[in-house]
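**Q** After the sequence you'll find the predicted model.
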2 protein chains.
Amino acid sequence: MNINMIFKVIGRLLLLVAVLMLLPVMVGVYFGDDLKTILSFLGTALVVAIIGFLLNMQKVKIRTFFTKEGLIIVALSWVLMSFFGGLPLYFSGEYKSLIDACFEISSGFTTTGATVSTNVEILSKSILFWRSFTHLIGGMGVLVFVLAIMPQMKEDSIYLMKAEVPGPVFGKIVSKLGDTARILYKIYLGLTALLILALYLAGMPLFDSVVHAFGTAGTGGFGIKNTSIGYYNSPAIELIIGIAMLIFGVNFNLYYFILIGKIKEFFRSEELKWYLSIVGLAVVVITLNIYSAMAYPFPESLRHTFFTVSSIMTTTGYSTADFAQWPLFSHVVLLVLMFIGGCAGSTAGGIKVARVGTAVKSALAEIKRARNPKRVLTFHFEGKLVDIDLMKSLTNYFLLYIFTFAIMILLISLDSPNFTTAFSAVAATFNNIGPGLDVVGPTGSFAGFSDFSKIILIFAMIAGRLEILPMLILFSPGTWKRT
Amino acid sequence: MNINMIFKVIGRLLLLVAVLMLLPVMVGVYFGDDLKTILSFLGTALVVAIIGFLLNMQKVKIRTFFTKEGLIIVALSWVLMSFFGGLPLYFSGEYKSLIDACFEISSGFTTTGATVSTNVEILSKSILFWRSFTHLIGGMGVLVFVLAIMPQMKEDSIYLMKAEVPGPVFGKIVSKLGDTARILYKIYLGLTALLILALYLAGMPLFDSVVHAFGTAGTGGFGIKNTSIGYYNSPAIELIIGIAMLIFGVNFNLYYFILIGKIKEFFRSEELKWYLSIVGLAVVVITLNIYSAMAYPFPESLRHTFFTVSSIMTTTGYSTADFAQWPLFSHVVLLVLMFIGGCAGSTAGGIKVARVGTAVKSALAEIKRARNPKRVLTFHFEGKLVDIDLMKSLTNYFLLYIFTFAIMILLISLDSPNFTTAFSAVAATFNNIGPGLDVVGPTGSFAGFSDFSKIILIFAMIAGRLEILPMLILFSPGTWKRT
């Protein structure tokens, strides 16, 4: 294994994290935060920079690396980012333990949005900014960011990007990897800037606009009000964020097609069609369900349903209505959306629409095959033949997903009051959504879990964000055996 | 499609059902049941016999049939058996609607053991006998029975047996299919007879011994007491049934190996090792959990845990303790067992140990592959290479399982008080277990559901018993299009 290369990449990443940590320092100074909090960020940035500098000094003889190193770099990066990113929260004294602080920041980077804070409104501005800023960084991927700003990275880095960008397949949109990363980041930041402007024009204060735009862009969900977006009670803001969440749940490669004028390519995307169809269908059935079962006025039903469906499907987790009060049928529809998640290559979590769509087509092909076993039946997704290799990796993803899920629920159940809490805590973190049901519902928090459970859930968030395999490789003993 | 052949096989099956229905008539006469109940069985038997006779008159030009016809015959047989088998219960007046009666008997044939009866102790002896007898018939499979007693069936019938015998692969144990079926049935009935004797010697009344032996052999779970096996409060009876359930959860082909003296083959079975390991592990962790969390005496903990684990893992559903009172961790372990189920080729339901074992091995191979992508990694189950075709059918089984499960929960949630009830009602019927949790828990019943929900759950039971595909083929419009 190319350990030196791993250290070097991690070193560069930490240098980047140290630089980014200066932003909350500036925010803290501007808003006059406690000196202790500001110094916590500054001190941590310094320490991280030194460690990053030392690791980056590594002399690297062989610059090539492969899948295994790629997976380890990505997993290790995310674990270290969550740890170092959490330190200022702990040092500031605004979080009661190191585990709590690291939980909060891994929830940030993984764009989960699950919180241990029972009252976010008393947190310092620099901490509120940093929490939301980690959504923005984590949404597109940190190593993608490293690639985007460091032109001298080799093409081998595709292993990093494959591991970090969500979805079953990753394709470069232009021939050079670094260019691909830069184009994606430009689209991402451009859309985020537009969103800040839109929210500000809709009447949100500037600071609120910025942090909510970060949370929306990363489909994260950290807010700065205890009642989330519901606080603003503004249909315009809800509509903007509702649509924006959907936009950030789409594969970013498609926006590149728009940029270069290939509008047709955009609308030809099969995953996009599935995505919009699922959202549309869910909005219709839930609106009808809450309209008929709860005697909500129809426009109100539609408004809250659209926002909630968009928020859950994209695994963001913002809320305007307490959907815990909705009928069971609506809950089950939302639960299904939680697992499906957004599109591959977007900032959203979950299993991803492309995988679910391929799986549905495979199941339908099986039914057809049983009807006529002599016909050779193949099927396509996005115009490409779904071959054996793709099916194999899809199958193994599903299997790893199910087994990891089951083991985590077993462990969390040792420390949960009931099944709904245990199940939804794991579902909400593993799918990077944020709020679950019951104790961890939209009005609750993850504060009540033991340290052991919080560590399991941190694992769930990072494993979910990186689509499982990198974390399993990092923590399986076989990886570290000498060969 | 060979419609004539389908009618002919169904005709023979109905003739068999009519003959079998004479048994509860005799039981009713012996125990002096209401004349109305006895006549209900007799009248139904007559009608079924006439329909069977007419269908069997079909002139069949082409005697061959293929997978598609095999799947349709099996699915249609099970639907019709549930319908005709339920008629006497409805005519007797002891069940309040036709849907309830059919629910009860499809629960019987599919060896689910879910009941709509809130007080089984007031039912007639003939009905109690018939309910449990359907477990016995359904456990091994009805068409296997037809094959076993009708020597003139062609070798094509392997399609029937493949569709009806649970598990990912079906192998003939001797060269002739009819002989295979007869050997399996002899082993099955022989073990059941031994069990009746054992229960009788342990102090159970003869009638009770017979019906409980039927319920155990089919891993069904219908009892004749409202408190199930707990009523007898006898450690000996609990131990006998506890061990017997495990025995009937093993692939019957393995018993054939014992019969012909190949003891080594028996113990070499990989699925058996997984099965016993899972049972052993579950017994240890649940015993420790309830011993430490509830301060149960240790021997009591072990006794109730062993019985419950055996009952749930084999999807039987008998109970001695109200496990609803156990801690959450134990519930989650039991829930995992519910989904795993028994061995392929046994009378148990669930996903089957062979499939789960193969899936675990596949997931582990994926982790190894990620560590070293250049190595070609293959893996074996039961000494056989798990090739592409096997993985493909495994994958599609899992996908159909998940999608069918999700759609059924959505439909049931329209009519359920909470998620636990909806989820566990579908899990308990689809996996052919019987009791779920909350409203449908070990002390509850399925009586409260609407007719619509009961029809969905009947579909769930039959689809679960036949491993999904046959029922989907029967009810998908494409099957009935002319080509």
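**A** Structure received.

**Q** Which residues are in contact with residue A:461?
**A** Residue A:461 makes contact with A:106, A:107, A:110, A:112, A:114, A:429, A:430, A:432, according to Cβ atoms under 8 Å, 6 or more residues apart in numbering or on different chains. All C-beta spots, glycine's among them, are computed from the backbone N, C-alpha and C.

**Q** measure it to chain B for me?
**A** For residue A:461, the distance to chain B equals 20 Å [Cβ to the nearest Cβ, to the nearest Å].

**Q** what separates the residue of the stretch 151-300 of chain A found nearest chain B from residue A:242, distance-wise?
**A** Per Cβ to the nearest Cβ, residue A:289 is where the stretch 151-300 of chain A lies closest to chain B, at 8.5 Å. Using Cβ to Cβ, to the nearest Å, we find residue A:289 at a distance of 19 Å from residue A:242.

**Q** Give the helix, strand or coil label for the residue nearest the centre of chain A.
**A** Against the mean C-alpha coordinate of chain A, by Cα atoms, centre = their mean, the closest residue is residue A:111 at 3.7 Å. When classified by DSSP: H, G, I helix; E, B strand; the rest coil, residue A:111 comes out as coil.

**Q** Tell me which residues touch it, please.
**A** Residue A:111 neighbours (Cβ under 8 Å, 6+ apart): A:135, A:138-139, A:218-221, A:315-316, A:347, A:349, A:432, A:465.

**Q** mind listing the helices in the stretch 1-150 of chain A by residue range?
**A** A:3-20, A:22-31, A:35-56, A:67-91, A:98-109, A:125-140, A:142-149 (DSSP state H, counting those that start in this stretch).

**Q** May I ask you to confirm that residue A:445 is in contact with residue A:113?
**A** No. Residue A:445 is beyond contact range of residue A:113, at 11.5 Å (criterion: Cβ atoms under 8 Å).

**Q** In terms of packing, which of the two has more residues around it?
**A** Comparing residue A:445 with residue A:113 by other Cβ atoms under 10 Å in any protein chain shown, the one with more neighbours is residue A:113, at 30 against 17.

**Q** Look at the spatially closest residue to that one that is not a sequence neighbour and give its secondary structure.
**A** Leaving out its chain neighbours, the residue that sits closest to residue A:113 by Cβ to Cβ, 6 or more residues apart in numbering or on different chains is residue A:221, at 2.7 Å. Following three-state DSSP, we place residue A:221 in the coil state.

**Q** isn't residue A:221 right up against residue A:433?
**A** Yes. Using Cβ under 8 Å, residue A:221 is in contact with residue A:433, at 7.5 Å.

**Q** near chain B, which residues of the stretch 51-200 of chain A?
**A** A:66, A:67, A:68, A:71 (Cβ under 8 Å from any Cβ of the partner chain).

**Q** what about 6 Å?
**A** A:67, A:68 (Cβ under 6 Å from any Cβ of the partner chain).

**Q** Sketch out the low-pLDDT regions of the stretch 51-200 of chain A for me.
**A** In the predicted model, the stretch 51-200 of chain A carries pLDDT under 70 at residues A:62-65, A:147-157, A:159, A:167-173, A:175.

**Q** one more time with 80, if that's ok
**A** A:59-67, A:143-178 (pLDDT under 80).

**Q** if we can go back for a sec, output the helices of the stretch 1-150 of chain A in TSV; the columns should cover mean neighbour count.
**A** Shown next, in TSV, are the helices of the stretch 1-150 of chain A (neighbours: other Cβ atoms under 10 Å in any protein chain shown):
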stretch	mean neighbour count
helix A:3-20	20
helix A:22-31	18
helix A:35-56	18
helix A:67-91	23
helix A:98-109	26
helix A:125-140	26
helix A:142-149	22
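
**Q** Enumerate the residues of the stretch 351-483 of chain A near chain B.
**A** A:359, A:362-363, A:366-367, A:370-371, A:373, A:388, A:395-396, A:399-400, A:403, A:406, A:409-410, A:413-414, A:416, A:469, A:472-473, A:479.

**Q** re earlier: now find how far off-centre the helix or strand hosting the residue of the stretch 151-300 of chain A closest to chain B is within its chain.
**A** Element membership for residue A:289 (DSSP states H and E) is helix A:270-294. Chain-centre distance of helix A:270-294: 22 Å, with Cα atoms, centre = their mean, to the nearest Å.

**Q** Ok, stretch A:66-79 next?
**A** 17 Å.

**Q** again, but for stretch A:196-207
**A** 23 Å.

**Q** Can you dump the C-alpha atoms of it in CSV for me?
**A** Only the C-alpha atoms of stretch A:196-207 are listed here, as CSV (Å, rounded to 0.1, in the frame of the first residue of the first chain):
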residue,chain,number,x,y,z
ILE,A,196,-28.4,33.5,-1.5
LEU,A,197,-29.6,36.4,-3.7
ALA,A,198,-33.1,34.9,-4.1
LEU,A,199,-33.5,34.4,-0.4
TYR,A,200,-32.2,37.8,0.5
LEU,A,201,-34.7,39.4,-2.1
ALA,A,202,-37.5,37.3,-0.5
GLY,A,203,-36.9,39.1,2.7
MET,A,204,-34.5,36.8,4.7
PRO,A,205,-31.7,38.6,6.6
LEU,A,206,-28.3,38.3,4.8
PHE,A,207,-26.7,36.0,7.4
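
**Q** what sits up against it?
**A** For stretch A:196-207, contacts defined as Cβ atoms under 6 Å, 6 or more residues apart in numbering or on different chains pick out A:209, A:210, A:213, A:236, A:237, A:240.

**Q** Then stretch A:470-483?
**A** By Cβ under 6 Å, 6+ apart, stretch A:470-483 touches A:71, A:72, A:74, A:75, A:163, A:462, A:463, B:367, B:370, B:371.

**Q** let's go with 7 Å and repeat that
**A** For stretch A:470-483, the surrounding residues in contact (Cβ atoms under 7 Å, 6 or more residues apart in numbering or on different chains) are A:68, A:71-72, A:74-76, A:163, A:400, A:459, A:462-463, B:367, B:370-371.
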